[in-house]
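Engineer: this is a predicted model, with the sequence first.
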Protein chains: 2
Amino acid sequence: MINAVGREIPQEVLSETGKKVFQGTYKYDRYEYKKTAVKSRARIGGNVSKIEGSIEEILKKCGVHDGMTISFHHHFREGDLVVMQVMNTIHKMGYKDIKICASSLDGAQDELVDMIEDGTVTRIETSGVRGQIGEAITDGKLKGIAILHSHGGRVRAIETGETKIDIAFIGAPSCDEYGNCRGVGGNSNCGVLSYAAIDAEYAEYVVALTDCIVPFPNFPADISMTQVDYVVKVDAVGDAEKIATGAAKPVTDMRKLMMAQSCADFIACTPYFKDGFSFQTGIGGAAIATAHYLADKMREYNIHMGFGAGGMSKPMCDLLEEGLVNCLLDTQNFDLPSIDSLISNPKHFSITTKEYADPFCKGAVVNKLDFVILGTLEADINFNCNVVVSSEGKLMGAQGGHPDTAAGAKCTIVITPLLQGRIPAVRNQVTTVTTPGETVDVIVTDYGIAINPKRTDLLEAVKDSHISLKTIEELRDIAYGMAGEPEPLEYEDRVVAVIESRDGTIMDVVRKRKDKTPN
Amino acid sequence: MINAVGREIPQEVLSETGKKVFQGTYKYDRYEYKKTAVKSRARIGGNVSKIEGSIEEILKKCGVHDGMTISFHHHFREGDLVVMQVMNTIHKMGYKDIKICASSLDGAQDELVDMIEDGTVTRIETSGVRGQIGEAITDGKLKGIAILHSHGGRVRAIETGETKIDIAFIGAPSCDEYGNCRGVGGNSNCGVLSYAAIDAEYAEYVVALTDCIVPFPNFPADISMTQVDYVVKVDAVGDAEKIATGAAKPVTDMRKLMMAQSCADFIACTPYFKDGFSFQTGIGGAAIATAHYLADKMREYNIHMGFGAGGMSKPMCDLLEEGLVNCLLDTQNFDLPSIDSLISNPKHFSITTKEYADPFCKGAVVNKLDFVILGTLEADINFNCNVVVSSEGKLMGAQGGHPDTAAGAKCTIVITPLLQGRIPAVRNQVTTVTTPGETVDVIVTDYGIAINPKRTDLLEAVKDSHISLKTIEELRDIAYGMAGEPEPLEYEDRVVAVIESRDGTIMDVVRKRKDKTPN
């Protein structure tokens, strides 16, 4: 069945997943539904500590069983030590057919591949599959179809009950004996704990893992004692050296700086660049540099940002300190300065992923964005983007908040060099659609800017400017002229992953790569 | 059927309410249940304001109908202007048989009596019914049986789905156009908005009423935009003069000061009075004075309080400022200094009523209390307390957090003068049981202190002290000696209200007062 971005979704996949095809980004606006009912347990009186001895004991108390679903957050990023501690225990205990529902997975979980191969893990739902897990799924090693969701889409899946979590494991930098968790206050600070909030709300059992027990009450808590069943003290939940190192290297690449400058120039031309405007940027070099150039324009025109949202790193925090930004709504911390800012600046707020991006709540922050600056692996002439699958067909990225912010923002700007390595990034068709073109307004490249033709307001806004405007087809032609038209990839029939739209429908499928070794 | 506090609960009441009789405070500890599933509506994209024109329009959008349940919070106390604005609109529109689920009702809603009489309002669930509503219910004017719950019991009723709210009206001192509500930031500041949190989580429609629209994002929000359907701007949500005037008059009554001193002396004798202890006190004169005397002992012994919880007024905030208390967990603000402290002191935290007192969550603050100091209208020789019904049989008080904190605290201390006016406050039987004696450990009177015999540890702790220890029977005898044994009240058969235990069972019933005028 062909969906709204022109992708063929096989009937077998629709049957197996119980999903529908993507019918347009705003199809489910005002959709009425029932949130799922959650099992819970009362604690009346009895000032009992919730601290238990070991992960194994906890698993037994929480009714560990074959086929169960367990969940994790990825705030510790490459420094995460939670997933493997839990999964190694489950593996040792011999349980099979586990579904992992993670906010994202990366190199810190490379060892999961062995468990994928031996049937311990047979299903995965995640925003991203970086590292060897992506490789393993692409090669068809996971028994089930992997579901790749956006950050907001994950919240929706959990709150509607589509994804039912049996046990949520929440890595907490600090926690008191009654389960109040904070993303700071310990040895492995990760800042906010936004991804874990929905797990705590809807999982049947909620277990906090921490390496730092602090006196009650550990307030303000990111995850409340009212939702936590047990607390386990472990030696370490994260490797501090690897948690908050994701960003903030000064950008020196001239091509990125040039794209950033033209992105900032473009923003300044639009009617949305006015006092109180809202803004989100990723942490890629060009995106961060855009914030830098934009700040110059804000100073020049005496324009202040109402709020900045999304994952945070030092550059945005500096703007808050300077008073150019009224407040930050923080979903994730990429570096230590942003964690310090979260702790010390009263206008630096953490928000849950529901508040940030949930399409099925009554209104998330993404809907209030004026501008979002995003990266992409590929964009096509319909403005569709692909942030998950490499041009060689390998799962390697993450949806993250890409489709969420694109759907919400008044002006969604994607920055990409025209060639990624020697491969055209602007092309007739993206390898896989992850963000639909109807939500992408502008593509900024090192060879000019293309505006989505349906945005006549933006085309009008730049018409007397010095912006180097191109059509998307012109950008494609330049790319193809330099590197040639990409060859179509060869796949096997088997679908190994589904790109889930934020509303739960299927945006695209990812097939097993053609085995190049002769059988 | 006789319940665990010896009260006869008529079968008809059990049938009509679908409830069971009270079987002991800890009967439902570890009880497993399913939270109710809530209807909700998605908002995808479209930066649309949620502000609507009038209460009448909103009611129509939210499907107003005969027999529906609407909810309110009572943070504006005697200054509340929300309930009557909404109810007058419903009345004018001609809807009937409305159930009001309020966190409490008082004199600000006296005009509801007319609507009780004409069938607009036929059912009420509330913590308290002060003012003329109490009178009306006692006189049998409400068609249905009123349900009086504790603060924690209300949360339980809503999250289990026992009480289904069709529309929650949340009075917000400040609110942005997307529904982020705060208890401060406007003209009618009430401090925290803790009671309203559970309504926002579970009501089918959530409407914020505010007299102060502020720029997005109104953070940190007490009620999130993710839960709010509509925002209505009204002229005023509260009368600032009457909102935060509940307390903080200096105590001069010698009898109260004497009871407070002996209460503080008692606390200092117990093993729980040690560094990091936790404490809650009401805002009655003797309770507040206890905090004052206790502070002297804390200074003397260099003991610091870990946290203070509950409704806040200036004296506790002063202790926080002084550094004698590590942090405050605030559920309600009784005076302006406590609101100022909430805004300015980073260790003064607001908590939701779920966090405070919910018996069915996975662990509330009340369970972590060492001491709670409470008042009462009456106490009996089994240590049962009555905080709702006057000794003349009239509904006039509120359960509030009384049974919640009593169930949770290690040491529950009730202060009462032996005579209330000319009526014995310590007696063979309380008029109505609201807090079961098994959770009340100490009764402090102006004629001595009685310790619940089951608390052998406390009896042991005071044995070499100067505490004037009496048995509860001795206290009763002194009271009866002064004022005589109270005459039993005369009632009609009809049950007008149920005292609901925090776990949803029936603690006691309140019957219609005997009509003294001849028929």
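Structural biologist: Happy to help now that I have it.

Engineer: what's around A:D235, how many residues?
Structural biologist: A:D235 is surrounded by 7 other residues when neighbours are defined as other CB atoms under 10 Å in any protein chain shown. Every residue, glycine included, has its C-beta placed from N, CA and C.

Engineer: tell me which residue in the stretch 351-500 of chain A sits closest to chain B.
Structural biologist: For the stretch 351-500 of chain A, the residue positioned closest to chain B under CB to the nearest CB is A:C361, at a distance of 3.9 Å.

Engineer: I figured that residue was touching A:K354, is that so?
Structural biologist: Yes - taking CB atoms under 8 Å as the definition, A:C361 is a contact partner of A:K354 at 5.4 Å.

Engineer: shared neighbours of these two, which are they?
Structural biologist: Overlap between the neighbourhoods of A:C361 and A:K354 consists of A:V155, A:E159, B:T226, taking contacts as CB atoms under 8 Å, 6 or more residues apart in numbering or on different chains.

Engineer: show me what from the stretch 151-300 of chain A comes close to chain B.
Structural biologist: Applying CB under 8 Å from any CB of the partner chain, we find that the stretch 151-300 of chain A lies next to chain B at A:178-179, A:206, A:215-217, A:219-220, A:224-229, A:276.

Engineer: around the residue nearest to A:V192 when sequence neighbours are not counted, count how many other residues there are.
Structural biologist: On the basis of CB to CB, 6 or more residues apart in numbering or on different chains, the spatially nearest residue to A:V192 that is not a chain neighbour turns out to be A:S350, at 3.8 Å. Residues contacting A:S350 under the criterion other CB under 10 Å number 26.

Engineer: same check, this time on the one 5 residues further on
Structural biologist: For A:E355, the neighbour count with other CB under 10 Å is 27.

Engineer: how close does A:M115 sit to chain B?
Structural biologist: Using CB to the nearest CB, to the nearest Å, one gets 30 Å for the distance from A:M115 to chain B.

Engineer: identify the residue spatially nearest to that residue, adjacent ones excluded.
Structural biologist: Excluding its sequence neighbours, the residue lying closest to A:M115 (CB to CB, 6+ apart) is A:V121, at 4.6 Å.

Engineer: ok so, going back, more neighbours, A:C361 and A:K354?
Structural biologist: In this comparison of A:C361 against A:K354, neighbours counted by other CB under 10 Å, the higher total goes to A:C361 at 27 against 24.

Engineer: so the more buried one: helix, strand or coil?
Structural biologist: Reducing the assignment to helix, strand or coil with DSSP: H, G, I helix; E, B strand; the rest coil, the entry for A:C361 is coil.

Engineer: how about the closest residue to it other than its chain neighbours, what does it touch?
Structural biologist: The spatially closest residue to A:C361, leaving aside those adjacent along the chain, is B:T226, at 3.9 Å (CB to CB, 6+ apart). Residues near B:T226 by CB under 8 Å, 6+ apart: A:K354, A:E355, A:D358, A:C361, A:K362, A:G363, A:A364.

Engineer: quick one on the thing from earlier: can I get the shared contacts of A:C361 and A:K354 in CSV with secondary structure, distance to B:H304 and pLDDT?
Structural biologist: Rendered in CSV, the data for those read as follows (DSSP: H, G, I helix; E, B strand; the rest coil; distance: CB to CB, whole Å; pLDDT from 0 to 100):
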residue, secondary structure, distance to B:H304, pLDDT
A:V155, helix, 40, 98
A:E159, helix, 41, 98
B:T226, helix, 37, 98
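
Engineer: looking at the residues of the stretch 151-300 of chain A next to chain B, spot the one nearest A:V430.
Structural biologist: When those are compared for distance to A:V430, the smallest value, 34.6 Å, is given by A:G276; criterion: CB to CB.

Engineer: for the closest residue to that closest one other than its chain neighbours, give me its contacts.
Structural biologist: The spatial neighbour of A:G276 that comes closest, neighbours along the chain excluded (CB to CB, 6+ apart), is A:G306 at 4.0 Å. Under the criterion of CB under 8 Å, 6+ apart, the contact list for A:G306 reads A:G276, A:F277, A:S278, A:N326, A:C327, B:P215, B:F216.

Engineer: which PyMOL command selects the buried ones in these?
Structural biologist: Restricted to buried positions by 16 or more other CB atoms under 10 Å in any protein chain shown, the PyMOL selection for those reads:
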select buried, (chain A and resi 277+278+326+327) or (chain B and resi 216)
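
Engineer: the contacts of A:G306: which two are farthest apart?
Structural biologist: Farthest pair in these (CB to CB) is A:F277 and A:C327. Separation: 13.2 Å.

Engineer: which of the shared contacts of A:C361 and A:K354 sits closest to A:A172?
Structural biologist: The nearest member of these to A:A172, counting by CB to CB, is A:V155 at 19.6 Å.

Engineer: A:A208 is in contact with A:A168, correct?
Structural biologist: No - the criterion here is CB under 8 Å, and A:A168 misses it with A:A208 at 9.3 Å.

Engineer: and the residue nearest the centre of chain A, what helix or strand is that in?
Structural biologist: Using CA atoms, centre = their mean, the residue of chain A that lies closest to the mean C-alpha position is A:G400, 1.7 Å off. Using DSSP states H and E, A:G400 is not contained in any helix or strand.

Engineer: and it, what does it touch?
Structural biologist: Taking CB under 8 Å, 6+ apart as the definition, contacts of A:G400 comprise A:S104, A:S127, A:G128, A:S150, A:H151, A:V387.

Engineer: A:I90: what secondary structure?
Structural biologist: The three-state label for A:I90, taken from three-state DSSP, comes out as helix.

Engineer: name the nearest residue to it, ignoring sequence neighbours.
Structural biologist: A:I98 (6.2 Å).

Engineer: just A:R476 next, same as before
Structural biologist: If you skip the residues right next to it in sequence, A:R476 has A:V426 as its closest partner in space, 4.9 Å away by CB to CB, 6+ apart.

Engineer: wait, the one you found sits on A:L418?
Structural biologist: Yes - look at A:V426 against A:L418 with CB under 8 Å: they come within range, at 5.9 Å.

Engineer: more neighbours, the two?
Structural biologist: A:V426 (30 against 23).

Engineer: you'd agree A:V232 is in a helix?
Structural biologist: No - note on A:V232: no helix contains this position according to three-state DSSP, which reports strand.

Engineer: list the beta-bridge partners for it.
Structural biologist: In this structure, A:V232 has the following beta-bridge partners (DSSP bridges): A:E52, A:L209.

Engineer: all strands for the stretch 401-519 of chain A, in order.
Structural biologist: Across the stretch 401-519 of chain A, reading from the start of the chain, the strands by DSSP state E, counting those that start in this stretch fall at A:411-415, A:419-420, A:423-424, A:426-427, A:442-445, A:448-451, A:469-470, A:491-500, A:506-513.

Engineer: for the record, mean pLDDT for the third one?
Structural biologist: To tie it back to what came earlier, the one meant is strand A:423-424. Average pLDDT, strand A:423-424: 96.

Engineer: contacts for that strand, please.
Structural biologist: Taking CB under 8 Å, 6+ apart as the criterion, the residues outside strand A:423-424 that touch it are A:S391, A:L418, A:R476, A:A479, A:Y480, A:M482, A:A483, A:G484, A:E485, A:P486.

Engineer: just the buried subset of those residues, please.
Structural biologist: A:S391, A:L418, A:R476, A:A479, A:Y480, A:A483, A:P486.

Engineer: next up, the contacts around the fifth one.
Structural biologist: If a contact means CB under 8 Å, 6+ apart, then A:Y480 has A:P424, A:R427 as its contacts.

Engineer: that one and A:V414, how far apart?
Structural biologist: Using CB to CB, to the nearest Å, A:Y480 is found at 19 Å from A:V414.

Engineer: ok, now the first one?
Structural biologist: Remark: distance between A:S391 and A:V414 (CB to CB) = 16 Å.

Engineer: thinking again about what came up before, and the contacts of A:G400, which is the shakiest by pLDDT?
Structural biologist: Confidence-wise, A:G128 trails the rest of these, at 94.
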